[in-house]
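Colleague: Prediction below, plus the sequence it came from.
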Amino acid sequence: MDSVLSWITFLPIVTAVLLLAVPKEREGLIRGATVLSMALTFIFSLVMLANFRPIAEMQMIEQAAWIPSLGISYLLGVDGISVFLILLTTLLTPLVVLSSRHAITERVKEFHILMLVLQTGMLGAFVALDLFLFYVFWEVMLLPMYLLIGVWGGHRRIYAAVKFVLYTIVGSLLMLVAILCIYFDHHAQTGQYTFSLLEIYRTSFAPARQMWYFAAFALAFAIKVPIFPLHTWLPDAHVEAPTAGSVILAGVLLKLGTYGFLRFALPLFPAAALAFQPLFLTLATVGIIYGALVAMVQTDIKKLVAYSSVSHLGYCVLGLFSFNLQGYAGSLYQMLNHGLSTGALFLLVGVIYERRHTRDIAEFGGLAQVIPWFTVVFVYVTLSSVGLPGLNGFVGEFLVLMGAFGENRLAAVISAGGVVLGAVYMLWLAKRFLFGELSNDKNKTLKDLTAREAWVLAPILVLIAYMGIQPKPMLSMMEPSLKLNLEAVSRPGRAGHSGGHGALIGADRERWALAVMGTEYRRDTASAQGGVQ
Amino acid sequence: MNVSYLMWIPLFPLFGAIVNGFLSILTAHRKEGPPKALVAWIACLAPAASFAVTVSGFLALAGMPESSRWLSQRALDWIAIGSLDLPIGFLLDPLSSAMLLFVTGIGSLIHLYSVGYMSHERGFARYFAYLNLFMFSMILLVLGDNLALLFVGWEGVGLCSYLLIGFWHEDPAKAAAGMKAFVVNRIGDFGFLLGMFILFWTFASHGKGTLNYHEMQAQAGLLTPALATAAGLLLFLGATGKSAQIPLYIWLPDAMAGPTPVSALIHAATMVTSGVYMLARLNWVYVMSPDALMVVAIVGAATALLAATIGLTQFDIKKVLAYSTVSQLGYMFLGVGVGAFSAGLFHVVTHAFFKALLFLGSGSVIHALSGEQDIRKMGGLLKKIPITGRTFLVGWLAICGIFPFAGFFSKDEILWKVFSWENAAAPWLGKVLWLVAFVTAGITALYMTRLVMMTFFGKSRVDHHAEHHLHESPPTMTIPLVALAVGSILVGFLGTPDIMKMGGNRFDKWLEPVFAAGQAAAHGDGHGLLLADGHSSATAPHAGADTHGTADTHGTGTPNPVAAEHAAGGTHAVGEHGGHHNAGLEWGLMLASLGLAGAMIGLGRRLWVTSPEVPVRMAQSFGGLYRLVFDKWRIDELYAAAIVRPLVNGSRKVLFAIVDQRVIDFAVNLVGILAKIGSYALRFFQTGYVQAYAFVILVGLVVIVFLGLRPF
């Protein structure tokens, strides 16, 4: 399939448009069509996986002129960095919709349309290789999420939604300015107006300007991740959002921040990235410890998981700014792990919330005696989250800390403290939530996981084990692209080794950019130009 | 040599754990669990099968030449990125085979015992799923061929420990004990991880980045003494967690909340000794760092003494045994710390037998008394439950170090190695540590005699209700007791001192290829197995010193760790040649400790049988001190006040309440208020209708798409 990425990206929004025509009373049809469309999207993403080759360059390139007069093109592609993030998105979204069968009973039509639009936004952001196109998708994500929180949220939903939008808008507007700046900067250097990331990769921007560009991009991404101290929108958004919103937010949206660093901020502005390295290593380390400590003292389960995300995403950032292969691979792996385990945790919290309409830990205790299946799953996911070897979380954490240790021992030593604190807050939660006496009468009649809930969770649980036991196949698909990406911040010949940092410039940079473009893109571009002439 | 059957050793218990786990989950909502006979057969056959494979592997090893005495299997790829390659691979060599034999052997016996002990439990299948999972993890820990895999097993046994301590999770105290064990162990794991990273990056930056034992050892020369010390101490921090040493021992006494067979298997015989195994496995790192070894020795001796004093004051039969375990583990580290790795491991093995026996025996007592654990409510049980009683006495004599029971040989070897340790930096240290260990041996005999006398001798203080139900345990429980009692008598003869002329120390001899290779690697002699005279300048003075007898303790001043190892008689050869001069001394010390143990047993009998009012009076007259020791030196309270509470309160009151909610959010809300004022004019667009928003989004998209598709 030549245009598999387009199918993946646009099938959801096309379904959304079609659903506009369906009367809102026909909820069964709306739910069914949404799930069917998302299932198809998932199948398309499996086709993409089957066609994926473990090479460094961009593949499955699709390009077409969009607004040629402005150098805006429709340019999609996938590499070892985005391939699994796309799969994570296409997997989690239908599961989330399935899980919302009973949670969402009002404005069903709007909910499903927004979920579909959101999915297109997320997938588009992962496959877009044109900065303008990327920005469009980036913004497309924003509104559905805002409405998910603001319409289907809890008591303080308006506050949380506005906070979410404010934070995000500030970041993305600055990023838009920076995108326009590099667009003109690139033109000034090459005489070519283009938003194509692959073309702009070829340009080395002046170090002084890189600082400003990087700062703008990094701010947008840091808010999304979120990196301490820009994280305070996250706990509010999570607590107020319906389960579906929380899962998507934690599972996919946050990863767009770390993905943004990996795809845009780091390789486009390597000199600035290296200059900012101490700052980001510090913030990541502080975030890991701070997030864990604050998670420890929460009384609301969702808030606890939200702060744990701050801690876990801190590992992702730590790995990225370690600028070595272990760190990069660990970071990317940790993104996927966090998507699965935190997604599952929010689903589980949703299960309990639907039954008890509270998330206050003090309301619970001793649930293991009433709902053993739920308990087994919750403990299993908890163990994934605390990085128990044999499950997925360990692989990411281990690689990130190993990478960080090779780059900055102090950061690694402090961050490794997060391994202890992670066990503290998660096991303490499990203890207060599931174990001990069953003292609250309201919990005595709780219903255990239903078959539907179990089936929604099952694929995630299987992946948690698979990724822990067999990381090599996935790692070896990521490795070539990560290695190449890393070269942007490494001196020639020292790729993959710590201590060999330096921004690629001049001819080295050109060679590197051509390697990223890959043969497919260059062939397409050449034939397109040939056609015009 | 590569073989393909090693993977079955861990796979059998894994299979058992999965099957029983699923049986347990599937029947979770039924009144009855899965058929107990089915569960029991699956659970017991799994470790027995592992034991059988281990034995055949051991026999194969025994038939191989010493220089290449190892079997290996690369079973599966695991983590691989760049130069980092961590496979799931197994290595059976003299060291891992020695560990694995008793792990699977004693493990099988304890599974059998559990069938009787847990027969009334609703969570029968869940229990055995955890127990099999434990066996799997422990086997992985021992059999793995790289440090990362050891860590996987290390965390896996920790998980099972957590699950089994909190097995009766309805009880908040038991759930809390499980959590405490996991968290405290995680502090140790923090050190383990960092130690592992030091090793990896040291090799990665100058050679081949690896965590494989053989590959690391071959590159030992790349490790500087400073790095060896750092890595050694960080890894030892991990060991203090898992093996319950100062400062992280506090979780083990609480771990007694778990079912008693779990205390026997995990918290006495196997898991808690994995720290000793790790140090022995990485012996070359420690040989390169005398400083790290010295810390190990001091911590081991201090822990041995501290825990023994607490053991003297406790009334819960399992708590006494728990502190005894902490104390005995201290002995093992003391042995390792003076460079006598094989002596430390020998004590691991003998202790596994007699401590498993004692714990299972205590379980049988508790079972007989319908759950009573307080030794003040026991007494005179020897005749009532004779098999339990007599086997318990064997365990008691073994831990007291009475000839010819197992503990005698292993404890004596450690004491001798400590006494004859030559630490160049602090020549007196060996004698001081010996004195500590000697005194501890006396206290050990005293508190164990106290336990035995209060439980099995004297007048019965059992209450009527329990008296009525008093019964000897079923054969599933007594057969393991007898088997372990036989073991507690016989295993000691594997390691008789050379001066006894009873065939020498076979245990030492079996492990020698491993430690000799480690020695050679640590001194840059990559291929040599045994150190030859004058082979290198570093080792020469010591080979000399050994032959001239360790009596002249001027020690030629070099802080070389080989001195310690060799003076401590690490190899057979030294024992034969250099030992003659010390034979008299060695005999003397042996008789002294035997005499001490005998005296303490007599004193204990006097105090707790003949005139039981004396210890009560003593406790009163030493009021304050007694109270302090009885309260376990208040270490838990100290940690709570100094670390736990400040951390929780600081996080709640400062980080969350002030930094997050005041400082950061204030700034954000300020921006929000400003924006609100600014957007007052735009209020018109905020209709609140989702459809309206959706419509706007759609229009926007259509416009963009139209712009894109319009013909130019």
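Modeller: Sure, I can see it.
Colleague: only C-alpha atoms for contact and neighbour calcs from this point on.
Modeller: Will do.
Colleague: Quick check: A:Ile223 vs B:Leu381, distance?
Modeller: 69 Å (CA to CA, to the nearest Å).
Colleague: for A:Met402, same thing?
Modeller: Taken as CA to CA, the span from A:Met402 to B:Leu381 is 56 Å.
Colleague: and the strand or helix carrying A:Leu133, average pLDDT?
Modeller: For A:Leu133, the host element (DSSP states H and E) is helix A:131-152. Per-residue pLDDT over helix A:131-152 has a mean of 91.
Colleague: Please list the residues outside it that contact it.
Modeller: Here helix A:131-152 makes contact (CA atoms under 8 Å, 6 or more residues apart in numbering or on different chains) with A:72-75, A:104, A:111, A:114-115, A:117-122, A:124-125, A:128, A:157-158, A:160-162, A:164-165, A:168, A:176, A:179, A:195-197, A:237, A:240-242, A:245, B:690.
Colleague: Against chain B, how distant is A:Val351?
Modeller: 18 Å (CA to the nearest CA, to the nearest Å).
Colleague: That residue - how many residues pack around it?
Modeller: 23 (other CA atoms under 10 Å in any protein chain shown).
Colleague: follow-up on the earlier one: could you pick out which of the contacts of helix A:131-152 are located in strands?
Modeller: Applying DSSP state E to these, the entries found in strands are A:Ile72, A:Ser73, A:Tyr74, A:Leu75.
Colleague: Quick one: those as a markdown table, columns for distance to A:Phe398 too.
Modeller: Listed next are these as a markdown table, based on distance: CA to CA, whole Å:
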| residue | distance to A:Phe398 |
| --- | --- |
| A:Ile72 | 41 |
| A:Ser73 | 40 |
| A:Tyr74 | 38 |
| A:Leu75 | 35 |
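Colleague: can you pick the most crowded of these?
Modeller: Counting neighbours by other CA under 10 Å, the top entry in these is A:Leu75, with 25 neighbours.
Colleague: My read is that A:Gln298 contacts A:Leu304, right?
Modeller: Yes. When contacts are counted by CA atoms under 8 Å, A:Gln298 is listed as touching A:Leu304 (5.4 Å).
Colleague: does the helix ranked longest in chain B come close to chain A?
Modeller: Identified as the longest helix of chain B according to DSSP state H is helix B:172-206. Yes. Shown here: helix B:172-206 in contact with chain A (CA under 8 Å from any CA of the partner chain) through B:172-173, B:175-176, B:179, B:182-183, B:186-187, B:190, B:193-194, B:197, B:201.
Colleague: Narrow these to those that are buried.
Modeller: Buried by 16 or more other CA atoms under 10 Å in any protein chain shown: B:172, B:175-176, B:179, B:182-183, B:186-187, B:190, B:193-194, B:197, B:201, out of the residues of helix B:172-206 next to chain A.
Colleague: which two from those residues end up farthest apart in space?
Modeller: The two members of those with the most space between them (CA to CA) are B:Pro172 and B:Trp201, at 43.0 Å.
Colleague: that's a helix at B:Asp77, yeah?
Modeller: No. Assessed with DSSP: H, G, I helix; E, B strand; the rest coil, B:Asp77 is strand; it does not lie in a helix.
Colleague: Report how many residues lie close to it.
Modeller: Neighbour number of B:Asp77 under other CA under 10 Å is 16.
Colleague: Repeat that for the one 3 residues further on.
Modeller: The number of residues packed around B:Ala80, counting by other CA under 10 Å, is 19.
Colleague: Just to check, it is in contact with A:Gln470?
Modeller: No. B:Ala80 sits out of contact with A:Gln470 when judged by CA under 8 Å, with a separation of 9.9 Å.
Colleague: So, low pLDDT: which residues of chain A?
Modeller: A:1, A:491-499, A:528-533 (pLDDT under 70).
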